[in-house]
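Peer 1: Provided below are the primary sequence and the corresponding predicted coordinates.
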Amino acid sequence: MSLTQDIRAAFSRRDNALNQLIISNALVWAVLIVFQAILFLAQSRGVYTLVLRQLALSSDVAVLLRHPWTLLTYAFVHENFFHILFNMLNLYWFGQLIREYLGDRRLVSLYVLGALAGAVFFLLAYNFLPVLRPGLGMPVIGASASVTAIIVAAATLLPDFTFMLILLGPVKIKWIAVAVVLISVGGINGGNPGGEITHLGGALLGFVFVKQLKAGRDMGRPIVAIGDWISGLFHGRPAMQVTHRSPVAVGRPSAAAGKASPGTTPPEEVDLILDKISRSGYESLSKEEKQKLFRASQQ
């Protein structure tokens, strides 16, 4: 199978959001790298700057109004290899948790909303904070805001889930999230204040997203609806009503509600399992509880 066929196959699956996000970032990075090299050899680097301006988010609102799509495109653009490498590694590690427990659609919603929240923080900071106003017009690129939203969301959902880190050993992801946020705060007075501020916007979004989800409110529904509408345009499918189930939604079903279909996990059982994870960690779950949680994430 050719590379093109592999990419098509990855995007044809509806349960492959994590890989699709990573591939999208990698493709944009690869195209820009090749394009930049060609323009360098052709002594036309000015053209590359013009192209990048169509993708990067500017802190100047007047420029943004002419390029509104950059509110999202900036979150798929990287120039530095290590920038995209670390972003994609974190997206893969923490995105797997979000995908497993909340599903593919909420992973995409978190990515998009994290990018938008980061953009809002970036624009507000450069337009209203006197210390940053001399840099008005400064652009920002990178998936860091979206990735930070996913990191903080995973830590809010499963605070005691443990990662094995080189040299450090087992570390609960709530401390990893705290470290990520503190590093971003400390970097504001460094050489990239705009980028660090977008991280903080994404972090706040990730925290609020999970808290709202536990309260029974899904902030990602508009993103899912827009995605379904766009997908329908490209595939020519008739519009369908989609029922959203939340594996972490609180509240018990009413008496009028019908019985759960066979093989599904009732929301109240999922709540109890998540409470157990919060108290004792994922490793404390029995095999049956892990299977129930997995089934709930697929509902």
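Peer 2: Great, that's in hand.
Peer 1: Residue 208: which element?
Peer 2: Counting by DSSP states H and E, the element that carries residue 208 is helix 193-214.
Peer 1: centre of the chain versus that helix, how much separation?
Peer 2: Here the centre of helix 193-214 is set off from its chain's centre by 10 Å, with CA atoms, centre = their mean, to the nearest Å.
Peer 1: From the contact counts, what lies against that helix?
Peer 2: helix 104-128, strand 139-140, helix 144-157, helix 173-186 (3 or more CB pairs under 8 Å, 6 or more residues apart in numbering; DSSP states H and E). (Glycine included, C-beta is placed from N, CA and C.)
Peer 1: Do you have the strands of this protein handy? List them.
Peer 2: 57-58, 139-140, 162-165, 169-172 (DSSP state E).
Peer 1: Reformat the ones you listed as JSON lines; add mean pLDDT and mean neighbour count.
Peer 2: Shown next, in JSON lines, are the strands of the chain (pLDDT from 0 to 100; neighbours: other CB atoms under 10 Å):
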{"stretch": "strand 57-58", "mean pLDDT": "96", "mean neighbour count": "25"}
{"stretch": "strand 139-140", "mean pLDDT": "96", "mean neighbour count": "22"}
{"stretch": "strand 162-165", "mean pLDDT": "88", "mean neighbour count": "12"}
{"stretch": "strand 169-172", "mean pLDDT": "92", "mean neighbour count": "12"}
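Peer 1: What is the neighbour count of residue 92?
Peer 2: Neighbourhood size, residue 92 [other CB atoms under 10 Å]: 14.
Peer 1: Now do the contacts for it.
Peer 2: Residue 92 makes contact with 18, 22, according to CB atoms under 8 Å, 6 or more residues apart in numbering.
Peer 1: nearest to residue 41, of the strands of the chain?
Peer 2: With CB to CB as the criterion, residue 41 lies closest to strand 139-140 of the strands of the chain, at 24.8 Å.
Peer 1: what does the closest one contact?
Peer 2: Contacts of strand 139-140 from elsewhere in the structure, counted by CB under 8 Å, 6+ apart, are 52, 53, 56, 57, 58, 59, 74, 122, 194, 195, 198.
Peer 1: same thing but at 10 Å, please
Peer 2: 52-53, 55-60, 63, 70, 74-75, 77, 118-119, 122-123, 126, 192-198 (CB atoms under 10 Å, 6 or more residues apart in numbering).
Peer 1: Please identify the pairing partners of it and their relative orientation?
Peer 2: Counting by DSSP bridges, the strands paired with strand 139-140 are strand 57-58 (antiparallel).
Peer 1: Show me what the partner strand is in contact with.
Peer 2: Residues contacting strand 57-58 (CB under 10 Å, 6+ apart): 63-67, 69-75, 77, 115, 118-119, 122-123, 126, 136-142, 145, 194, 198.
Peer 1: Just put the helices and strands packed on helix 193-214 in a markdown table and tack on distance to residue 34.
Peer 2: Below are the helices and strands packed on helix 193-214 laid out as a markdown table (distance: least, CB to CB, whole Å):
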| stretch | distance to residue 34 |
| --- | --- |
| helix 104-128 | 24 |
| strand 139-140 | 21 |
| helix 144-157 | 23 |
| helix 173-186 | 31 |
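Peer 1: tell me the most buried of these?
Peer 2: helix 144-157 (a mean of 29; mean count of other CB atoms under 10 Å).
Peer 1: which residue packs closest to the spatially most central residue of the chain, ignoring adjacent ones?
Peer 2: The residue lying closest to the centre of the chain (CA atoms, centre = their mean) is residue 111, at 2.3 Å. Counting by CB to CB, 6 or more residues apart in numbering, residue 146 is the residue found nearest to residue 111 once chain neighbours are left out, at 4.4 Å.
Peer 1: residue contacts, the one you found?
Peer 2: Counted by CB under 10 Å, 6+ apart, residue 146 has contacts 21, 25, 72, 74-76, 87, 91, 95, 108, 110-118, 198-199, 202, 205-206.
Peer 1: Thanks a lot, catch you later.
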